[in-house]
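Chemist: sharing a model that was predicted from the sequence below.
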Amino acid sequence: MLQHLPALVVLLTVLLQGGTAFAVGRARALYGIKAPATAGHPGFERAFRAQMNTLEATLMFLPSLWLAATYGAPLWAGVAGLVWVAGRVWYALAYLRDPAKREGGFVLGSIGLLATLAIGAIGLCRVLLFG
Amino acid sequence: MLQHLPALVVLLTVLLQGGTAFAVGRARALYGIKAPATAGHPGFERAFRAQMNTLEATLMFLPSLWLAATYGAPLWAGVAGLVWVAGRVWYALAYLRDPAKREGGFVLGSIGLLATLAIGAIGLCRVLLFG
Amino acid sequence: MLQHLPALVVLLTVLLQGGTAFAVGRARALYGIKAPATAGHPGFERAFRAQMNTLEATLMFLPSLWLAATYGAPLWAGVAGLVWVAGRVWYALAYLRDPAKREGGFVLGSIGLLATLAIGAIGLCRVLLFG
């Protein structure tokens, strides 16, 4: 079962992105910001940046998770991935309220990302060097 | 052959993104918007937002497609994926002309995404619960 | 060993994105641009656009790399991928200084992307047509 933990993390990243996209749609309606505008109210801009920052972070995270699950160990990749998800949920919720308070979630998410990346990079180097 | 349908969908997502990126480049030249500016003419801003929305949607879709193909069934993952691609092509083309008319493509794309996600999530839950 | 070259390229894409994200964070501090703002100083806007363009390019590249490694040949996928990485590093560094000088890196990155895409598309067509 534990070798499927990274797949569960992948599912959670999709839900996380769905959540931040939903918050942008709601803010668009709430503050009357019509597409293609992406500015006009601080509440909308916070939701929009929370979504974009989640997007940027996810595109670094998913390849790292794949490396960690393939070349490291699925269990540890999954655990580090869950740390990343927890940090990014915290980050997005904090950003929606006050961008100045996003640091805690950012740090936790970064720990999860760096752990995933380290697990993957070490495993890949071992395979490249020793076959 | 049908088990390779998801790979064909992956190829189409790259072409879709290439198309929306091309439209931005063309709008940049057409309306004289020099990088790094991303505003200055409604036609450019529509092309730019169509590309960004495609990017956001793709990063939710590809992990869902992977889950559906790996834990569900490649054939149904591929069919749901083709629905997503059709919806997002419609969405992007509509957005370039008039953002108010993007709804049809958005709904069809969302159906494709939710179907892919459901196929993947159900398959993953089955594996996690019953091994 | 050579069949793991694409994984090394994946690792490099994560580092490339980390580098462009780091440049944005540094520019945010240097020019005093507080989140959620993404404008206010040309130096910040260049760093921000370099990151976003890298993001856009990466989301086209990684699925292409997967297709090339899975349906083409891992070695050639990896070589084309290294060309892409070299082009995009050049692009990002040039963009940070002067967006007008980003063309060389853009062209080299595009050659890498098109090569990866061609390797993947040809391999996939062969499998779809001849099983």
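Modeler: Okay, I see it. Residues are numbered from 1 along each chain as shown, chains lettered A, B, ... in the order given.
Chemist: quick check, residue A:76 in contact with residue A:82.
Modeler: No: counting by CB atoms under 8 Å, residue A:82 is not a contact partner of residue A:76; they are 10.7 Å apart. All C-beta atoms are positioned from the backbone trio N, CA, C, and that covers glycine.
Chemist: list residues touching both of the two?
Modeler: With contacts taken as CB atoms under 8 Å, 6 or more residues apart in numbering or on different chains, residue A:76 and residue A:82 have no neighbour in common.
Chemist: compare those two (neighbour count), which wins?
Modeler: Ranked by neighbour count (other CB atoms under 10 Å in any protein chain shown), residue A:76 and residue A:82 place residue A:76 first, with 19 against 16.
Chemist: can you check the pLDDT for that one?
Modeler: In this model, residue A:76 is scored at 97, pLDDT.
Chemist: next up, the contacts around it.
Modeler: So residue A:76 contacts A:68, A:115, A:119 (CB under 8 Å, 6+ apart).
Chemist: go on, residue A:18?
Modeler: By CB under 8 Å, 6+ apart, the neighbours of residue A:18 are residue B:60.
Chemist: again, but for residue A:46
Modeler: Residue A:46 neighbours (CB under 8 Å, 6+ apart): A:27, A:95, A:96, A:97, A:99, C:36.
Chemist: okay, and it sits in which element?
Modeler: helix A:42-71 (DSSP states H and E).
Chemist: mean confidence for that helix?
Modeler: pLDDT averaged over helix A:42-71 gives 96.
Chemist: so which bits of chain A are right by chain C?
Modeler: A:42, A:45-46, A:48-49, A:55-56, A:59-60, A:63-64, A:66-67, A:70-71, A:95, A:99-100, A:102, A:117, A:120-121, A:124, A:127-128, A:131 (CB under 8 Å from any CB of the partner chain).
Chemist: if I look at residue A:54, how far off is chain B?
Modeler: 9 Å (CB to the nearest CB, to the nearest Å).
Chemist: surely that residue meets residue A:90?
Modeler: No: if you go by CB under 8 Å, residue A:54 and residue A:90 don't touch, sitting 11.6 Å apart.
Chemist: who has more neighbours, these two?
Modeler: Neighbour totals were compared for residue A:54 and residue A:90, and residue A:54 leads with 26 against 18 (other CB under 10 Å).
Chemist: name the helix or strand for the closest residue in space to the more buried one that isn't next to it in sequence, please.
Modeler: Nearest non-adjacent residue to residue A:54, counting by CB to CB, 6 or more residues apart in numbering or on different chains: residue A:20, 4.7 Å away. Assigned by DSSP H and E, residue A:20 belongs to helix A:5-30.
Chemist: neighbour-wise, which of the contacts of residue A:76 leads?
Modeler: Going by other CB under 10 Å, residue A:68 tops the contacts of residue A:76 with 28 neighbours.
Chemist: I figured that one hits residue A:116, correct?
Modeler: Yes: the criterion here is CB under 8 Å, and residue A:68 meets it with residue A:116 at 4.6 Å.
Chemist: picking that back up, which of the contacts of residue A:46 are buried?
Modeler: Buried members of the contacts of residue A:46, scored by 16 or more other CB atoms under 10 Å in any protein chain shown, are A:27, A:95, A:96, A:99, C:36.
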